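In: Structure of the sequence below:
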Amino acid sequence: MAEVAEAQFQPHQNRPDVHRFKEKLSRFADSQTKSTHPASFPARSFLEGKVPAVCARAPGRLDCMGGIADYSGSLVLELPLAEATFVAAQPTAEPVLEALSVPLADDEPCRFCRLPLELLRSGEVSDYASAGKYFASRPEDHWAAYALGTILALVFEGKTDLSRGLRLFIASSVPEGKGVSSSAALEVASMLAASSLLGAKLEGVELALLCQKVENLIAGAPCGVMDQMTSALGEEGKLFALRCQPAEIFPPVRIPPGVCFWGIDSGVRHSVSGADYTSVRVGAFMGYRIIAELAGLAIRPGSRPGLVEVEDPRWKGYLANIRPSQFEKEFRPHLPAEISGEEFLARYQGTTDPVTTIDPSRRYPVFHPTAHPIYENARVEQFAKLLADEPVERHLEELGELMYQSHESYSRCGLGTWQTDLIVELVRKHGPAHGLFGAKITGGGSGGCVAVLGSPQASHFIPEICKQYEAETGYRPYVFVGSSPGAIAFGTFRVVP
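Out: Numbers count the residues shown, from 1 in each chain. Okay, here's the model as predicted:
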């Protein structure tokens, strides 16, 4: 096995997972092997010897409060996790973009994708729409939209002319489908490594917003921005505080010594491109459109059918800016529980959401998806205030109650599962006597991970909850514990295979 000849780290980058990544790199750094056939993985070399590569690291995130209210402009509180994705970007003389993702376990297959630069030069892949169609038509390569899509975005935004090929070597400990933003970690690490190698200057917020654009327009997942912002700009051991309008950063919220967060994986695969998440998002934007009509705001056609523009000096286009008392008094009685896409389009012409489309043949929930971000934003604001009010121990039950309320609101939107409900109920059953105060489904819901709030003593009872969950479901949960810095704070490092 070849060794990495040189690696340049800063003192704060001297982490165990960095050294594990270096070991992974060594397995795929052998200049004597040039095969490019994907069937030869993992035996063949990927990185070229003696050619410097720029490496970046981006963590997953635990959604402590805020979740799906992000696309409605809510304040969110996110914890960058210890689990992270590493990407090494290396130039190549071959006119291709390549991505190789290696698994944690040696007995699992690698994933490989190759995109010839000729597709860009011929115009077949020339903008976000054509890039999205390219990956959508290749299900086996769709995973690479989150990685190679970042390089394409740099081209589309005029950040680089991409005069040479590029390889991305990917190794991640952020598990997929568990609701902890594996996609955002991949995007952020890929974007930072590639932009650093190519000399494309990106500030942290710009990088995160561009990663969101990749996920929305190239990968085709209608996510909000909190995942990318947390992965890029989060601080170790603190809750990243973001008002998603679109990306207003607040000082991070310190987690007091008497407070701990865990993430318990339900084993139910989560996807923001799934029908439940998308229908709830569409329903929320339908609700905003109806409220805009009720409020007498000026509305005009948008850039495509089904899209409108609203002149909104009152709430700036965000449901989260409507206070709960105002919602109850002025708008609650006028919102339908649900509406068909056909009826909505005929009456209201469209929504202000550019990344979703309304299916005329579907029925969409409206009331609960609209109410959720209005009340969730108020809950998150209160949660942040309570965490900052010491001694925090006197507020733990109130903090937990806010999480339980958030969980119930997800369920009313149709984003719950019996498995995540079971984890929440197990936490509630053990309760304050065991140092456990609250729990909620996270991120886009419909499975994934449950965030748990407790005191340090609860660490002794988390395994018991997992044991009981396994007894009822047959699935042994993965537990997320600990934190690490976001990609910008961590920075990049250079290796020479």
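In: okay, CA-based contacts and neighbour counts for the rest of this
Out: OK.
In: from the chain's centre, how far out does stretch 101-110 sit?
Out: Relative to the centre of its chain, stretch 101-110 is centred 22 Å away, using Cα atoms, centre = their mean, to the nearest Å.
In: got the residue ranges for the strands in the stretch 251-400 of the chain?
Out: Secondary structure of the stretch 251-400 of the chain (DSSP state E, counting those that start in this stretch): strands at 260-265, 298-301, 306-311, 338-340, 350-351, 363-365.
In: again with the stretch 1-150 of the chain
Out: Under the criterion DSSP E, counting those that start in this stretch, the stretch 1-150 of the chain contains strands at 6-8, 53-65, 75-92, 96-102, 111-116.
In: and of those strands, who's closest to Ile358?
Out: strand 75-92 (26.4 Å; Cα to Cα).
In: tilt between the closest one and strand 260-265?
Out: Strand 75-92 runs at 60 degrees relative to strand 260-265, counting by axes from the mean of the first three to the mean of the last three Cα atoms, to 10 degrees.
In: quick one: average pLDDT of strand 75-92?
Out: For strand 75-92, mean pLDDT is 97.
In: tilt between that strand and strand 96-102?
Out: Strand 75-92 runs at 120 degrees relative to strand 96-102, counting by the same axes, to 10 degrees.
In: Buried residues of stretch 411-428, list them for me.
Out: Going by neighbour count (16 or more other Cα atoms under 10 Å), the buried part of stretch 411-428 is 411, 413-417, 419-428.
In: Other residues contacting that stretch?
Out: By Cα atoms under 8 Å, 6 or more residues apart in numbering, the residues outside stretch 411-428 that reach it are 264, 266, 268, 276-277, 280, 365, 368-369, 372, 410, 436-441, 444-450, 452, 465, 469, 473.
In: And the buried ones among the residues you listed, selectable in PyMOL?
Out: Applying 16+ other Cα under 10 Å to the contacts of stretch 411-428, the buried members can be selected in PyMOL as follows:
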select buried, resi 264+266+268+276+277+280+365+368+369+372+410+436+437+438+439+440+441+444+445+446+447+448+449+450+452+465+469
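In: Please look at Val76 and Leu242 and confirm they touch.
Out: Yes - taking Cα atoms under 8 Å as the definition, Val76 is a contact partner of Leu242 at 5.4 Å.
In: and for these two, which residues touch both?
Out: Met226.
In: Domain-wise, how is this structure divided?
Out: Here the domain parsing of the chain from the TED database is 16-26+46-255+484-495, 260-273+394-481, 277-372.
In: Please produce CSV containing the ones you listed, extended by distance to Lys385.
Out: Shown next, in CSV, are these (distance: least, Cα to Cα, whole Å):
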stretch, distance to Lys385
domain 16-26+46-255+484-495, 9
domain 260-273+394-481, 10
domain 277-372, 17
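In: Val380 is nearest to which of those?
Out: Closest of those to Val380 is domain 16-26+46-255+484-495, at 6.0 Å (criterion: Cα to Cα).
In: so how far is that closest one from its chain's centroid?
Out: 10 Å.
In: First-to-last residue distance for it?
Out: Terminal residues of domain 16-26+46-255+484-495 are spaced 16 Å apart (Cα to Cα, to the nearest Å).
In: picking that back up, so which of the contacts of stretch 411-428 sit within helices?
Out: Cross-referencing the contacts of stretch 411-428 against helices under DSSP state H gives 276-277, 280, 368-369, 372, 410, 465, 469, 473.
In: between the buried residues of stretch 411-428, which is nearest Glu328?
Out: Closest to Glu328 out of those is Cys413 (17.7 Å), distances taken as Cα to Cα.
In: would you list the strands of the stretch 251-400 of the chain in a markdown table and tack on distance to Tyr146?
Out: Output for the strands of the stretch 251-400 of the chain, formatted as a markdown table (distance: least, Cα to Cα, whole Å):
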| stretch | distance to Tyr146 |
| --- | --- |
| strand 260-265 | 23 |
| strand 298-301 | 32 |
| strand 306-311 | 26 |
| strand 338-340 | 32 |
| strand 350-351 | 27 |
| strand 363-365 | 28 |
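In: quick one: which of the ones you listed is nearest Glu187?
Out: strand 260-265 (21.8 Å).
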